[in-house]
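**Student:** coords please:
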Amino acid sequence: MRVDADEKLAARVDLAIKGVRVDAPVQRSKGAGPSDDGHLVVDGANATLPLNPDSPYIVRDGRVFNGRIDLGLSVEPVARPKFYDLKTADGVPYQQIALLHGRDVLATTVVQTCIRYVEDQRCRFCTIEESLRAGSTVAAKTPAQLAEVAEAAVRLDGVRQMVMTTGTTSGPDRGARHLVRCVRAVLDAVPGLPIQVQIEPPGELSVLADLHAAGATSIGIHVESLDEEVRRRWMPGKSAVPMSEYEAAWDEAVRIFGRNRVSTYLLIGLGEKPDELVAGASRLIERGVYPFVVPMRPMLGTLARRDGVQAPSTELVRDVTERVAALLRAAEMKGADQEAGCAACGACGALSAAGA
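**Tutor:** Predicted structure coming up:
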């Protein structure tokens, strides 16, 4: 059966919400940000999909089926990387320092604690400290550890880009200065590796130039929602950072890194009206910021999951994704052009499948 592009996109979005039945050797169950799931390659592109035993979708012979219907999508689980078998010079398993995301992205949270993680302050979609409590990572990664792991991941497993995020710290830089040291160390070990750094708007905007000078390729300054009521409800601690600080940081980052080298998450399913979400994405695009729209899927351990919050509907996610993708195409902004980071990887959303 021939499947056209619209049908493939509809299937890709539905998979992002309902998940799939498949054995995925590379998984992520807890940590910073809004996405977990199994790491797969779907139609040649990175994808993180919920591993859901109740999903109507199953992978057989490298294809996705709904019952007997072939959806026209090829699927290949990402293989367990070789670098997972190694330990650092100081005895820490590499897998506790950084993880493979998709087939070719190395990702790490350099500081696994966050000043906003107390219950009345924490983001309701985040489990940054749960992986630390589970013993699957360490609280702070040193530049030397990250350099060692990155070199091995590139050499042994063909990693092509790296993402470094951080829990928010109490200093005015909000964790950015440690990222400067980490970027320098990794690039000393692996010259030319594209790296995205991810931070809250720093109180000291000068650190953005330091991150760029250290060699960071792109930067994510993640707001998750542009709606103040939604921010207060979903991110009570983070919403204390006024939108004016985000805007100043985005504008300065675009000035330093360049247009379409700055991105921000916008989560679908927090209660924001779709027309307002798309309008906000349009304003970000006008600033030169890539709005990475992603469905909010409540991870185990999140306050959202505890409170019974459900993922957004497939129809809502597809509507927003298609409209934002059209705006990005019109602005000639593609996630892949960022070379490193969430938009370049594209796995947690469906914008890349929609041509953005």
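**Student:** quick one: the nearest residue to Lys87 once chain neighbours are set aside from His178, how far?
**Tutor:** In this structure, Lys87 finds its nearest non-sequential neighbour in Pro93, 5.4 Å apart by CB to CB, 6 or more residues apart in numbering. Backbone N, C-alpha and C define where each C-beta goes, glycine included. When CB to CB, to the nearest Å is the yardstick, Pro93 and His178 sit 21 Å from each other.
**Student:** Comparing the two, which residue is more hemmed in?
**Tutor:** His178 (19 against 16; other CB atoms under 10 Å).
**Student:** Just the buried residues of the host helix or strand of the more buried one, please?
**Tutor:** Using DSSP states H and E, His178 sits within helix 176-189. For helix 176-189, the neighbour count (16 or more other CB atoms under 10 Å) marks 176-187, 189 as buried.
**Student:** helices and strands around that helix, which ones?
**Tutor:** The contact analysis (3 or more CB pairs under 8 Å, 6 or more residues apart in numbering; DSSP states H and E) places helix 176-189 against helix 143-157, strand 161-165, strand 195-199, helix 206-214.
**Student:** Which of the ones you listed sits closest to Arg231?
**Tutor:** The closest of the helices and strands packed on helix 176-189 to Arg231 is strand 195-199. By CB to CB, the value is 17.2 Å.
**Student:** ok but Ile285 is inside a helix, no?
**Tutor:** Yes - counting by DSSP: H, G, I helix; E, B strand; the rest coil, Ile285 is located in a helix.
**Student:** residue ranges with poor pLDDT in the stretch 151-300 of the chain?
**Tutor:** In the predicted model, the stretch 151-300 of the chain carries no residue with pLDDT under 70.
**Student:** Partner strands of the strand of greatest length in the chain, with direction?
**Tutor:** The residue-count maximum for a strand in the chain (DSSP state E) belongs to strand 69-77. With DSSP bridges as the test, strand 69-77 is paired with strand 37-42 (antiparallel), strand 63-66 (antiparallel).
**Student:** Could you identify which of those is most buried?
**Tutor:** strand 37-42 (a mean of 22; mean count of other CB atoms under 10 Å).
**Student:** which residues sit in contact with Tyr57?
**Tutor:** Taking CB atoms under 8 Å, 6 or more residues apart in numbering, we find Tyr57 in contact with 14-15, 18-21, 64-66, 71.
**Student:** okay, the residue lying closest to it once chain neighbours are set aside: pLDDT?
**Tutor:** Among residues not flanking Tyr57 along the chain, Val20 sits closest, at 4.6 Å (CB to CB, 6+ apart). Val20 carries a pLDDT value of 93.
**Student:** doesn't Asp54 make contact with Val20?
**Tutor:** No - at 10.8 Å, Val20 does not count as touching Asp54 under the criterion of CB atoms under 8 Å.
**Student:** Who has more neighbours out of the two?
**Tutor:** Val20 (27 against 7).
**Student:** Could you check how many residues crowd around Ser131?
**Tutor:** Neighbour count of Ser131, defined by other CB under 10 Å: 21.
**Student:** hang on, I meant Glu228
**Tutor:** 11.
**Student:** Near Glu245, how many other residues are there?
**Tutor:** Look at Glu245: counted by other CB under 10 Å, it has 16 neighbours.
**Student:** Can you say which helix or strand has it in it?
**Tutor:** In the assignment (DSSP H and E), Glu245 maps to helix 243-257.
**Student:** Output that helix as PDB - backbone C-alpha positions only.
**Tutor:** What follows is helix 243-257, C-alpha atoms only, in PDB (Å, rounded to 0.1, in the frame of the first residue of the first chain):
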ATOM      1  CA  MET A 243       9.700  37.100  30.200                       C
ATOM      2  CA  SER A 244      11.800  40.300  29.700                       C
ATOM      3  CA  GLU A 245      14.900  38.300  30.700                       C
ATOM      4  CA  TYR A 246      14.100  35.600  28.200                       C
ATOM      5  CA  GLU A 247      13.700  38.200  25.500                       C
ATOM      6  CA  ALA A 248      16.900  39.900  26.300                       C
ATOM      7  CA  ALA A 249      18.800  36.600  26.400                       C
ATOM      8  CA  TRP A 250      17.300  35.400  23.100                       C
ATOM      9  CA  ASP A 251      18.200  38.700  21.400                       C
ATOM     10  CA  GLU A 252      21.700  38.700  22.700                       C
ATOM     11  CA  ALA A 253      22.200  35.100  21.900                       C
ATOM     12  CA  VAL A 254      20.900  35.700  18.300                       C
ATOM     13  CA  ARG A 255      23.400  38.600  18.000                       C
ATOM     14  CA  ILE A 256      26.300  36.400  19.200                       C
ATOM     15  CA  PHE A 257      25.400  32.900  17.800                       C
END
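**Student:** Okay then, goodbye and thanks.
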